[in-house]
Structure formats: C-alpha cells, structure tokens
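Asker: predicted model follows, preceded by the sequence.
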Amino acid sequence: MFALKSSAPSLRPLTKSNLQSITRKPLARSTVLLRYQSTSTVSSSSKPAAKLNELAKVIRDSIKSTGPIPASRYMQFCLSHPVHGYYSKGDVFGQKGDFITSPEISQIFGELVAIWFLTRWMEVDSPTRVRIVELGPGRGTLMDDVLRTLFNFPGIAASINSVHLVENSEAMREVQSQTLSPRIEGKDVKLNWYTSVEEIPETKDEFTLFVAHEFFDAMPINVFEKTDMGWREVLIDRDPSYSPDLPTSSSPSGLRFTLSSSPTTLSTILPSTSPRFANLPSGSRIEVSQDSYKIMHRLGQVINQGLGGCGLVVDYGADKAFASSFRAFRKHEIVDVFEDPGSCDLTANVDFAYLRESLTGIATSLGPISQAQFLLSLGIQPRLRKLLDTAPLDRREAIEKGAKRLIDVLGMGSQYQVMGVVSGEPEMKEGIYPFSVKKETVESKVLRP
C-alpha cells in the first residue's frame, strides 16, 4: 500500500487537553450490552429521585397525551430536541465531553482514512473533480486530518472542490467551521452544511468520497420482541410508582420500558425488512434502526451519481443484529438510559448486516473488518515510526499510546468495525484492499515502533 513519504502531514498540534485525552483513556462508547428492564441496570441508588428536568417533563407530558412512545421517539427527544436535546448544547466530544472518538485520540486515524480514499481515487483513473462528504463531523477533527493528508498529494489536492457536512447542530457547525476554514484557506474548496443526507446535491461530473464515523450508532432504534402471538414493540411509558419525594432505585425520570400488548405499526413492518429476523424463536429481541437503513440506502445512491464514488462507515457493532445494546453515556461513564434526559449521549450498536442489506442493487459493501485490521493493513506501524522519529521527546509516549489504543484488540481495535462502500456491480469489486486481506494476516502483527 501507499506509505506517507517525507512530505507526509506533520504532527497535529497536541494541546494539553489532547494529551490528557490520550493518557487518561476515557471510556469509548464500547460494546457493553444491557438488558431492557423497568428498573435501572446502572447507577442504582437509594437516594430520593432527582427533580425532573425540563425535557423529562416534556416526554412525560407527551406520553400522558398520546400513550407510550417507541425507543426511537425517546432518542429523538433526548438527542435532537431543539432546546433541551443533547446535540443542541454544543461540544460534547473529547475529554471534557461524554465520549471520545478515534480521530481525537490519534491523527493517524484520519491520515489512513485519507490514504484509502487516495488509493480508490487512483484506481478509477484519478477524476479531476472530487467532493468529500462526512456525516456527523463532530469537531471537524477527522475531516481536517483527511484534508491535511490529501493536500500533500498534488493530483487529488487539485481535484477536491467541495466538502459537504451533514450536521444538525448550529453550535457544532460553528466548531467545524473554526476547525476547517483555516485548512482550506487560499484553496478553491467550498464548505457546505446540510441537516440530512437527502439535501446533498446531485452531481454529474464529480467523484464522491464519504465517511460516516460514529454516526449510525446515534441513529434512533426501535426494539421488538418475538412472542407466541408475533412481534411486539418495546415501548417507553410513565412509571406509575415514580415519586420525586420517595426513595427509588429505578425510574430516574419517572419512565420505564413496557411491552406493547398488541402489534404496533412498526412491529408489523420493521421485523420483516430483513430475512434474518424471520425464523428467530419466541423471546428473541432485536434493535432495528429504520433511519440507518434509509440513510445508508441514500448514500449508496449518492456515490452512484456522476463519476461514482466510495466511502467508509466506522462504528462499533458487528455484522449482526443486537438485542440489548441501547445505553447512555455521561462523562465517559455508562448511566441509566432514563437519567437526566437530554444531558446524556444515547447510543446503540450498529447492525452492519442491516446496512449492507440496504445497499442491495445500488452499491457494493466491503467487510466489515475490525478497525485494527483496517489500520494495520493501511500502514499504522510505519506511519507511527515516522511520527516518532520527528516528534519532540516529551510527546512520543502520548503519540505511541494513542496509536496503540486504536488497534487494541481488547478494546477499540476489535469493538469498532469498518465497512467499505463502492459504486458499481459486486462482481467488479472483488479484492479491494484491505477488505480482501485475511483477518489472521494482520491481527497477528505486533505494534513495534
């Protein structure tokens, strides 16, 4: 594969907070599984229930008016409410936020994503017009590292004409602008923001690159249980036993899970969207993200426009459905999903098989493979050596720890999966690196700077 030569990107500035984010190892949003229960599985307490926050009141009032709500609606309330939602409150990433992501841990992550983009661009005869799309850009760190890397290669640097960011939060758009505007200063590259993937304009003469890093895990899910009478939906209801004046070990916001007594509209539709769910035995539970399916399908259409394209989906999950991965994070710790709605990050593992199924007939999926396999195959070892050779002595330990954390097979290296997507027919896409490499070929490697 391509190695970054002497003209490779320099070190990303390592601030005090960045250094702490590497050395303190805050919790990544990993694959811990929780069971759905009406009582808390995390952070139980015998103290009196906390006073309901404003969003909890909104949710309880909604349930009182219209009845129990799906988990997807609860997630939408908590994450996207325009006033009280989690992502309406500004920067939630990094050491001071509730979770930390791979691009915040090491610049090498974004550099190797860029190298994969570069190889695919070269494989399709180096189109002269390229646009880059990112879903859920966070602080803009990943896109900044991708652009910094690609701008070191004159051919593709001259071809990049626009960057398209799918971001709902106005506060985060401002953060992203502050990160990326200096990177494209003096270059003929335009920054564009959209609230949904549907808004990305069609193209006739561009090659599209896209990346979705820790995006699909935040998509709303619906939860279903197979019963002897068919599929029923796990809903969220007001807890009748809740009282702010009485000690409680459950219902931090006066909410609980409940199983619908009869079919819901979604319980009659979503479990039939994948053949994998048809023969599950009674008692089985599945988490299904309708939004993820639609967005992935749309991304497949986007890269089939114009000169084609390719992309990467990086997230925690597996090539299967999950039963009970819905969880909440606050200050890098797992907490009850009903704790302080709007102040915690809600997330669920990604069913990569479901994403692949959404691409049937429009694009080709590759993998998924582990993040460790992806990064090792693309050269994290030689890139780390290059960084260490040129880094100040007082920064070398932090740089090495950050890179090792990305490929730790007991942590992020195995928990995070990477799926590639390319335009065109499946029979034309066999052997695309590194998705064609056998797992044992790379996971036996030891990182020795």
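Answerer: Done, it's in. Residues are numbered from 1 along each chain as shown.
Asker: gap between the host helix or strand of Leu79 and the chain center?
Answerer: Under DSSP states H and E, the secondary-structure element containing Leu79 is helix 71-80. Relative to the centre of its chain, helix 71-80 is centred 16 Å away, using C-alpha atoms, centre = their mean, to the nearest Å.
Asker: the most centrally placed residue in the chain and Ala323, how far apart?
Answerer: Of all residues in the chain, the one closest to the mean position by C-alpha atoms, centre = their mean is Glu214, 1.3 Å from it. According to C-beta to C-beta, to the nearest Å, Glu214 and Ala323 sit 21 Å apart. Yep, even glycine has a C-beta here, placed from its N, CA and C like the rest.
Asker: and for Ser88?
Answerer: Taken as C-beta to C-beta, the span from Ser88 to Ala323 is 30 Å.
Asker: same deal with Glu167?
Answerer: 31 Å.
Asker: and stretch 377-395, what's its mean pLDDT?
Answerer: Model confidence over stretch 377-395, given as mean pLDDT, is 94.
Asker: could you work out the end-to-end span of that stretch for me?
Answerer: The straight-line separation of the ends of stretch 377-395 (C-alpha to C-alpha, to the nearest Å) is 25 Å.
Asker: centre of the chain to that stretch, how far?
Answerer: Centre-to-centre, stretch 377-395 and its host chain are 26 Å apart (C-alpha atoms, centre = their mean).
Asker: same for whichever strand or helix holds Pro182, what does it pack against?
Answerer: Pro182 is located in helix 170-184, with elements delineated by DSSP H and E. Secondary-structure packing of helix 170-184 (3 or more C-beta pairs under 8 Å, 6 or more residues apart in numbering; DSSP states H and E): helix 141-150, strand 160-166, strand 190-194.
Asker: quick one: buried residues of it?
Answerer: Within helix 170-184, the residues scored as buried using 16 or more other C-beta atoms under 10 Å are 172-173, 175-176, 179-180, 183-184.
Asker: check pLDDT for the residues you listed and point me to the minimum.
Answerer: For the buried residues of helix 170-184, the least confident entry is Met172, with 91.
Asker: looking at it, it is touching Gly138, isn't it?
Answerer: Yes. Counting by C-beta atoms under 8 Å, Gly138 is a contact partner of Met172 at 7.3 Å.
Asker: just confirm Pro137 contacts Asn168, I think it does.
Answerer: No. Between Pro137 and Asn168 there is no contact under C-beta under 8 Å: 11.1 Å.
Asker: ok, these two, which is more surrounded?
Answerer: Taking neighbours as other C-beta atoms under 10 Å, Pro137 and Asn168 compare with Pro137 leading, 28 against 17.
Asker: list the contacts of the more buried one.
Answerer: 143, 165-167, 172, 176 (C-beta atoms under 8 Å, 6 or more residues apart in numbering).
Asker: out of the residues you listed, which two sit at the greatest distance?
Answerer: The largest separation in the contacts of Pro137, counting by C-beta to C-beta, is between Met143 and Met172 at 12.4 Å.
Asker: could you point out the helix or strand that follows the helix of greatest length in the chain?
Answerer: Criterion DSSP state H: the longest helix present in the chain is helix 107-123. Per DSSP H and E, helix 107-123 leads on to strand 130-135 as the next helix or strand towards the C-terminus.
Asker: and that following strand, average pLDDT?
Answerer: Rounded mean pLDDT across strand 130-135 is 99.
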